[in-house]
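Trainee: Structure for this input, please:
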Amino acid sequence: MINSTQVSYFTLSAYTDTRLLRYLYFIIIMSIYCSIICCNILLIMVICMNRSLHEPMYMFLCSLFVNELYGSSGLFPFLLTQILFDNHTVSASFCFLQIFVLYTYVNIQFYTIAVMSYDRYLAICCPLQYNTHMTSNRVVILIALTWLYPFLAIFILISLSASLQLCGNTINKVYCDNYSIVKLACSDTTVNNVYGIVYTVTLVVIVLAIFYTYLKILKVCLFGSKQTRQKALSTCTPHLASLINFSCGCFFEIVQNRFNMKHVPHMLRIFLSLYWLTCQPLFNPVLYGLNLTKIRITCKNIVFGKM
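Mentor: Alright, predicted model coming up:
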């Protein structure tokens, strides 16, 4: 993928000499990573072991939790290694691999939330047609599409970036970022920019479609029975909270990439660049585990050995 005219490694310049604080950062990052692994694996086990949770909504949730593990594994082990060592260089091949993992994680996250909003729309707005539309085969197809399409789209994005001739090899981040690499290019980046715009607009359309779906659900709830409103609130609140949290994190990252943020404190810039990749995998298990009754009860049964 990478030809001989390109650099062989990249330097991540956002790391600073933390000296003794590096061990504190290491413990904090390690604690977050362990919490993400434990919480997501627990919820995957809960859904797989309890037959009453073998419903479309929980299958989509299981796919979401698997994606959290996938995305976290593309970032946290790398961060932990970089914190402990003074040499913050990474090979070009590994850098593009990390970009592929992180960007596919983001896409799968948005598409899975979109599919979940469609599932909730059918369950609340068209309950009599739900079993007809949301069959087992359709669930499998939707989950497969939420994974396969991002893999294809990001593969094309990485291929375009990897073919560029670069004038430098310094990335002002603590992890590899596609936009930072494109900014280093000496060659024409028109195709990259057009594809990037299409890619971004597609995600924006997906987010708007999700919000539109929930507005339709809200409209039904306003004119529905008390039981309908309670069902909608209990199942849709976690989805909306997850979407808003992740969208805000992505917005912080886009703003930081596109605008000069030198006036913002260095540590705050690092936190904002990591927020969308670190908080969501920890936020989702807690959110769904606390708000969805079936998952909460099954978790208690597993933890306290009642199952």
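Trainee: Quick check: most distant residue from the centroid of this structure.
Mentor: For the chain, the largest distance from the centre (CA atoms, centre = their mean) belongs to Ser225, which lies 34.9 Å off.
Trainee: I figured Cys186 hits Leu166, correct?
Mentor: Yes. At 6.5 Å, Cys186 counts as touching Leu166 under the criterion of CB atoms under 8 Å. C-beta here means a position set from N, CA and C on the backbone, and glycine is covered the same way.
Trainee: Give me the more crowded residue out of those two.
Mentor: The residue with more neighbours, out of Cys186 and Leu166, is Leu166; 18 against 11, by other CB atoms under 10 Å.
Trainee: if I look at the more buried one, how far off is Leu64?
Mentor: 35 Å (CB to CB, to the nearest Å).
Trainee: Next: Phe26.
Mentor: For Phe26, the distance to Leu64 - CB to CB - is 28 Å.
Trainee: for Val198, same thing?
Mentor: 25 Å.
Trainee: what residue is smack in the middle of this structure?
Mentor: Central residue of the chain (CA atoms, centre = their mean): Val106, at 3.7 Å.
Trainee: so that residue touches Trp276, yeah?
Mentor: Yes. When contacts are counted by CB under 8 Å, Val106 is listed as touching Trp276 (7.4 Å).
Trainee: Could you tell me which residues touch both of the two?
Mentor: Taking CB atoms under 8 Å, 6 or more residues apart in numbering as the contact rule, the neighbours common to Val106 and Trp276 are Cys250.
Trainee: circling back to that earlier point, pLDDT at the residue farthest from the centre of the chain, what is it?
Mentor: Reported pLDDT at Ser225 in the predicted model: 71.
Trainee: And the one 3 residues further on, by the same measure?
Mentor: Predicted confidence (pLDDT) for Thr228: 68.
Trainee: Give me the distance between the residue nearest to Tyr179 when sequence neighbours are not counted and Ser187.
Mentor: The spatial neighbour of Tyr179 that comes closest, neighbours along the chain excluded (CB to CB, 6 or more residues apart in numbering), is Asn257 at 4.8 Å. Applying CB to CB, the value for Asn257 to Ser187 is 20 Å.
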